[in-house]
Every structure is written in C-alpha cells, then in structure tokens.
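Asks: sequence and predicted structure below; questions after.
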Amino acid sequence: MTGLVLWDVDRTLIDTRGVGRELSASAFLQTTGQPTRQQARIDDFTEPVIFRETAKLHGLTTDRTDFERFARALTAAHLEHAAELRERGHALPGAAAALNALAEAGVRQTVVSGNIRAVAELKLQLFGLDTPILWELGAYGEDHDVRADLVRLPLEHAHTTADDAVLIGDTPADIDGAHANGVRVIAVATGRSDEASLRDAGAQVVLPDLRDTDLLVKVVRNGI
C-alpha cells in the first residue's frame, strides 16, 4: 500500500462557474414548490445540510425523505444540463495532470465531498477527471451531514489509517474535517480562501494551485 489521497471536488479539482448553484435552485423549486430566494452558505456544508438550511430560510421544515427527493431532482438536473456544465465550467489548472501523476505513483485516490455521489461522479466525468478515482472508497453528501465523518469513512472503506492518508482541499472546513481524524492536509488556494487563511486554519502544506505536479507528488509521498 502506497497511500490514499482524499480529494475535495468543487474549487479543488473543478469550478462549475455558477452552474451548480443554478441547478440546485432548480431542484429546490421542484422539491419544495418554492423558488430559491436565498441559499444557505455552501462552502463548509454537505448537501443535506445546505438543503435543510436553505429550506429553513424559506420557512420550511424538511426531513430525510424531502432531501432524497431533492437529491434525485439535483441528479436529474445535472444530467439534463451536462452540456451547459461542460461549456461553462472547467477543470482547474493542473487537476488532470495531478490525478494522473498520483495514479502513476501508485497512490490510491478517492473523493470526500459534500456533493451527492451521482453529482460528484458526473462532474469529474464531464471534465475527464474520473478515471483515477476509486469511487467505492469515497464519502459523499448523502453519507453524513458532518464533514469530519465524511473524512473518517474512506479510511474505513480502504482499511487504512489516518497516517497513510492525505486530504487535498481548498477550504478551512476541509482542513478541520481532516484534522478531526488525524489526516494530513494539502490545501490549495484555488477557492475563496487565500494561502494565508489556509495556513492559519492549520494546513500542513499550502499550494497556490495544482500546476506543480512534481511537487504535489513529492509532498503526498513524503508524508505517507
């Protein structure tokens, strides 16, 4: 075993440039019958929490059945608008090369994301980033509300320990979730948090982006 990388998706590997938010609003309308006047903060939360908190902002009380209806509507919306997502969104610089280089180095890779699994799979597939991902090892929005628990699940799925894993993400929430499980973090300043903020949040390594593939592989391997 040579290690396990846990990838965040949005603003770490890809940027949907607003399409994801629009599709979420469409699914919310289909599920609740109400247009989205306001959406709960998304960077730190999993999909079930975003749905529940957005519903509260509209005076609605929801349960797991409502979320499951929303998840189906959200998946259908992404499938229906896949061409638009591909056209408006993009893989972040260096993402494909980083995934491929880690695969060539023998590092197992999966996803830890607040997205529901079907949406995470589609997003990476659309931008040609899905092949190195071992989806069955991952953890997704429908698996747990709390990000720290999402980080714990792949360790169990892969029958490995925190010492053999590293999480790559772009937010302080990614860092907190990793640290709650003793997992090392490589933070990339490709989202809304700058390098200083990510260091202050406790990331062991902070990179401006994924362009320096050799450095990324070195950092991942040396810490495993």
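Replies: Received the coordinates, thanks. Numbering: from 1, shown residues only.

Asks: okay, and for the protein, where does confidence drop off?
Replies: 1-2, 42-44, 223-224 (pLDDT under 70).

Asks: do a quick rundown of the strands in it.
Replies: Using DSSP state E, the strands of the chain run over 4-7, 14-15, 90-91, 108-111, 165-169, 184-188, 205-207.

Asks: let's have those in a markdown table, adding distance to T32 and mean neighbour count.
Replies: Where C-beta positions appear, they are placed from N, C-alpha and C, glycine not excepted. Formatted as a markdown table, the strands of the chain follow (distance: least, C-beta to C-beta, whole Å; neighbours: other C-beta atoms under 10 Å):
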| stretch | distance to T32 | mean neighbour count |
| --- | --- | --- |
| strand 4-7 | 31 | 26 |
| strand 14-15 | 27 | 20 |
| strand 90-91 | 31 | 16 |
| strand 108-111 | 28 | 23 |
| strand 165-169 | 30 | 27 |
| strand 184-188 | 35 | 25 |
| strand 205-207 | 39 | 20 |
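
Asks: would you turn those strands into JSON lines with distance to A73?
Replies: Shown next, in JSON lines, are these (distance: least, C-beta to C-beta, whole Å):
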{"stretch": "strand 4-7", "distance to A73": "26"}
{"stretch": "strand 14-15", "distance to A73": "21"}
{"stretch": "strand 90-91", "distance to A73": "25"}
{"stretch": "strand 108-111", "distance to A73": "22"}
{"stretch": "strand 165-169", "distance to A73": "27"}
{"stretch": "strand 184-188", "distance to A73": "31"}
{"stretch": "strand 205-207", "distance to A73": "36"}
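
Asks: out of the ones you listed, flag the one nearest L134.
Replies: With C-beta to C-beta as the measure, strand 108-111 is the member of the strands of the chain nearest L134 (4.9 Å).

Asks: so how far is the closest one off the chain centroid?
Replies: Averaging C-alpha positions (C-alpha atoms, centre = their mean, to the nearest Å) puts strand 108-111 11 Å from its chain's average.
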